[in-house]
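[1] How does the following fold in three dimensions:
(2 chains)
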There are 2 protein chains.
Amino acid sequence: MTAEWIQTEHWPIALAQTANVVDDAQLETIERGADRILSEIGIRFEGDPETLDLWRQAGARVVDDRAYLDGPALRAIIRASAPQQVRLRGRNPARDVVLGQGQRPVFAPVYGPPSVLLTDGRRQAGSLAHYQRFVGLAHDAAALSCTGHMMCVLNDVPEPLRPMAMALANLELSDKPLMGSIASPAAAEEVIDMVARAVGRPTGPGACNLLHLINSTPALTYKENALKCMRSIARCGEGAMVTSYMMMGATAPVTIAGALIQGYAEVLAGVALMQLWSPGVPVVMGIYAVPFSMRSMLPVFGDPAAHMVQMHAVRLARRLGVPVRGDGGVTSAKIDDAQAGYEGASANAAAILSGADFVLHSAGWLELGRCASFSKFAHEARMIAASLGLETTPGEPPLPLDPELQREFRQRIPH
Amino acid sequence: MTAEWIQTEHWPIALAQTANVVDDAQLETIERGADRILSEIGIRFEGDPETLDLWRQAGARVVDDRAYLDGPALRAIIRASAPQQVRLRGRNPARDVVLGQGQRPVFAPVYGPPSVLLTDGRRQAGSLAHYQRFVGLAHDAAALSCTGHMMCVLNDVPEPLRPMAMALANLELSDKPLMGSIASPAAAEEVIDMVARAVGRPTGPGACNLLHLINSTPALTYKENALKCMRSIARCGEGAMVTSYMMMGATAPVTIAGALIQGYAEVLAGVALMQLWSPGVPVVMGIYAVPFSMRSMLPVFGDPAAHMVQMHAVRLARRLGVPVRGDGGVTSAKIDDAQAGYEGASANAAAILSGADFVLHSAGWLELGRCASFSKFAHEARMIAASLGLETTPGEPPLPLDPELQREFRQRIPH
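    Modelled structure (predicted):
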């Protein structure tokens, strides 16, 4: 393998095939490219002067809302304090999962769809009842060791109450680890507090009760809400999964190498920022990119180019020394058909074989992430369990949530 | 990674995930296990005294039809003469493919189904017309650089004429490399002669016009026809893909490690036999195993346990120094539905990511290999092309077959 692939890209899978001999020189080329972007173009941190002040204190040049950063210094900050391994706690200590350094990957369901597809073919707006059903399925699925967050949007719950309503469903119907809310810093903190009380164990280095999905806004930008949530989360000692989620040809270069360079620059800044706010706080990094179709003006989920980004993201994270996210199950298919199978299974295979530590969207994703399918969820949970050699029969029911806590939480979410 | 997996197997995918750090010690354990089987139990070579004589000449102890073999000596025979890289020729020299040593993997369609599934849902007995359509599709598919053999059985052609009828269809409708016949030694030789004349280039070391599917008959047996075909093929200087194709729990141990040990013993004997008949003849090795269900009494195609066998087969072949087969697309699904997609895509991903050099069954396989699906063929050809970064639009039409040869061949197959 030579660095030629960066120009030609006419055989991307070559890299996957030879993943075990990917040249460190290629990864260094990506790192150097990102370092140049960080120092020459910088990253915009919008609407959050506190973040800019922090960068200034860390020695960065800041012009307007743009900070010009030193890549090697960011890596040094991260390597000095970010845990190489992260324990994500469940209500049930036996359900704790550990991310990184050769541990079994953690699979979480789809995150974000506004609608759901029922097994009888009806498509409905997501609701609390659907959400609760997804939590129950995720609890029963041996493949999924994290019940995730927002498997569908709770369209029937007032928006301010949704973060708490989702967290409560995860806590009531499962004792596995879950993910936090990033609806707002206040919502993040409310859920963090609620889950901390339900877990009821003191936090410690390299451990957290929640992982939060913090995305940059490609190209090379973090938005106000993400920045404020990061600070809240970091100060609470909770975990963040800092991801650059790019559309190649729209919000990132059209080439795999170009997207990797941009994405690495973005997450390097975000992961370092978490460590500056709170050294030692658990962080998982993610770089993901899908081609953007100039014909349909839509991302092409299911395209294997994304697998190549995935393979390299894992290697870049290993060099950085933090656990890494993978993206499974993604597809552009609109129903749970052969296309859903071919694309979803390829994505899960690429995420698993890349060595990712936390695989998001591993079950249930349909229609570019706009829809959560109950049948695809079941198919994928079964496939992943088989890949892991796990039983596909339901395991133990969840430990009951403390009734007093449950009463108190329910009072805070009148629905 | 420790050798513990051989006993426990409760996390097979761990090996895939850490394929880049699979311990050579594990592979040595498999080799040692196989060596013990070869020397203590031996391999049966049924109905072919010439093969037994050859083993005697090579110094083996032969009792009845069983030869007790020396594993390290077989490896030495293979390493001394088997080509590490094999050129498989097409009628069109620009279509030649090269197997092994980091070359792009070659994909071939499904091999063997008695029936076909049309895109309108009708299921029919395979026929010459279906076969010709598959050859045309394989020619047009950029993903498939070999048009294979027996994409369906020609139920409407008298059995003795089928090998020639298939080869003629491959030669008339494509100028890509194809696979040979193993219906009988005579059929193998007839097709070898026919294709040699169509290719029209002198053979040379490490090159052949045909790959032939030579399977052992697990456990630890080669049958008369396979042995006689091997000799014919080897003496013609043509290529063999020597494979152990096992059902774990039926024709092989139920564990992955056990199946690998048995399969490696079988192919080591077969590959060495080819080299004894004709040193330097091209050989591709394959070890494949699927779990056998004690409930349905059927193999469970699509089960990820097979992926783990695949991953290790590639590494064992690399140590031996010969190109290696992968098995893509396999599934137990009966129609081209979500199950077909999940299972077929997982199998192709495992074959590609394992680093296999020749991926058989990569497109069209349905229903445990009993049925060839036109729509699955198209789906998989598209998915593989995307994985390889190839165009999905049809390429150049085939160079015309020499009219005189065509006339002569057609006369030999009156249908």
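[2] May I see the buried residues of whichever strand or helix holds residue A:67?
    Assigned by DSSP states H and E, residue A:67 belongs to strand A:66-68. Within strand A:66-68, the residues scored as buried using 16 or more other C-beta atoms under 10 Å in any protein chain shown are A:66, A:67. Bear in mind the C-beta positions are built from the backbone N, C-alpha and C, glycine included.
[3] any residues touching it, and which ones?
    Contact with strand A:66-68 is made by A:38-40, A:42-45, A:52, A:55, A:60-62, A:269, as judged by C-beta atoms under 8 Å, 6 or more residues apart in numbering or on different chains.
[4] one more time with 6 Å, if that's ok
    A:39, A:42, A:43, A:44, A:55, A:60, A:61 (C-beta atoms under 6 Å, 6 or more residues apart in numbering or on different chains).
[5] Next secondary structure element downstream of it?
    Next along from strand A:66-68, by DSSP H and E: helix A:71-81.
[6] in chain A, what residue is nearest chain B?
    Nearest residue of chain A to chain B: residue A:341, at 2.0 Å (C-beta to the nearest C-beta).
[7] so residue A:113 sits right up against residue A:373, yeah?
    No. The pair residue A:113 / residue A:373 is not scored as a contact, 8.9 Å apart, by C-beta atoms under 6 Å.
[8] which of these two has more neighbours?
    Neighbour count, other C-beta atoms under 10 Å in any protein chain shown: between residue A:113 and residue A:373, residue A:373 has more, with 30 against 24.
[9] residue contacts, the more buried one?
    Residue A:373 makes contacts with A:117, A:336, A:364, A:366, as judged by C-beta under 6 Å, 6+ apart.
[10] ok so, going back, quick one: buried ones out of the contacts of strand A:66-68?
    Buried among these (16+ other C-beta under 10 Å): A:39, A:42, A:43, A:44, A:55, A:60.
[11] How about the longest helix belonging to chain A and chain B, touching?
    The longest helix of chain A (DSSP state H) is helix A:256-277. No. Counting by C-beta under 6 Å from any C-beta of the partner chain, chain B is not contacted by helix A:256-277; separation bottoms out at 9.7 Å.
[12] so what does the helix or strand that that helix is followed by touch, helix or strand wise?
    Going down the chain from helix A:256-277, the next helix or strand is strand A:283-293, by DSSP H and E. Here strand A:283-293 touches strand A:239-248, helix A:256-277, helix A:305-320, strand A:325-327, going by 3 or more C-beta pairs under 6 Å, 6 or more residues apart in numbering or on different chains; DSSP states H and E.
[13] rank the ones you listed by pLDDT, which is bottom?
    Lowest mean pLDDT of those: helix A:305-320, a mean of 91.
[14] Show me how far that one is from its chain's centre.
    Centre-to-centre, helix A:305-320 and its host chain are 14 Å apart (C-alpha atoms, centre = their mean, to the nearest Å).
[15] quick check: angle from it to helix A:71-81?
    Interaxial angle, helix A:305-320 versus helix A:71-81 (axes from the mean of the first three to the mean of the last three C-alpha atoms, to 10 degrees): 70 degrees.
[16] What residues of helix A:305-320 count as buried?
    The neighbour-count check on helix A:305-320 (16+ other C-beta under 10 Å) flags A:305-318, A:320 as buried.
[17] Those residues: which two are farthest apart?
    For the buried residues of helix A:305-320, the farthest-apart pair by C-beta to C-beta is A:305 and A:320; their separation is 22.8 Å.
[18] Not including adjacent chain positions, what is the nearest residue to residue A:121?
    Using C-beta to C-beta, 6 or more residues apart in numbering or on different chains and skipping residues adjacent in sequence, the residue nearest residue A:121 is residue A:335, 7.6 Å away.
[19] what do you get for residue A:141?
    In space, residue A:141 is closest to residue A:381, 3.9 Å off (C-beta to C-beta, 6+ apart).
[20] Please save the CA atoms from the helix or strand that neighbour falls within in PDB.
    Here residue A:381 sits within helix A:374-388, counting by DSSP H and E. What follows is helix A:374-388, C-alpha atoms only, in PDB (Å, rounded to 0.1, in the frame of the first residue of the first chain):
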ATOM      1  CA  PHE A 374     -39.300  -2.700  14.300                       C
ATOM      2  CA  SER A 375     -38.600  -5.600  11.900                       C
ATOM      3  CA  LYS A 376     -35.200  -4.300  10.900                       C
ATOM      4  CA  PHE A 377     -34.400  -3.800  14.600                       C
ATOM      5  CA  ALA A 378     -35.200  -7.400  15.200                       C
ATOM      6  CA  HIS A 379     -33.300  -8.700  12.200                       C
ATOM      7  CA  GLU A 380     -30.200  -6.700  13.100                       C
ATOM      8  CA  ALA A 381     -30.300  -7.600  16.800                       C
ATOM      9  CA  ARG A 382     -30.400 -11.300  15.700                       C
ATOM     10  CA  MET A 383     -27.600 -10.900  13.200                       C
ATOM     11  CA  ILE A 384     -25.300  -9.100  15.700                       C
ATOM     12  CA  ALA A 385     -26.000 -11.600  18.400                       C
ATOM     13  CA  ALA A 386     -25.000 -14.400  16.000                       C
ATOM     14  CA  SER A 387     -21.900 -12.500  15.100                       C
ATOM     15  CA  LEU A 388     -21.000 -12.200  18.800                       C
END
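[21] and that helix, average pLDDT?
    For helix A:374-388, mean pLDDT rounds to 91.
[22] could you give the angle of it to helix B:305-320?
    40 degrees.
[23] So which residues make contact with helix A:374-388?
    With contact meaning C-beta under 6 Å, 6+ apart, helix A:374-388 is reached by A:107, A:119, A:137, A:141-143, A:329, A:336, A:340, A:363-364, A:366, A:392, B:13, B:304, B:338, B:342.
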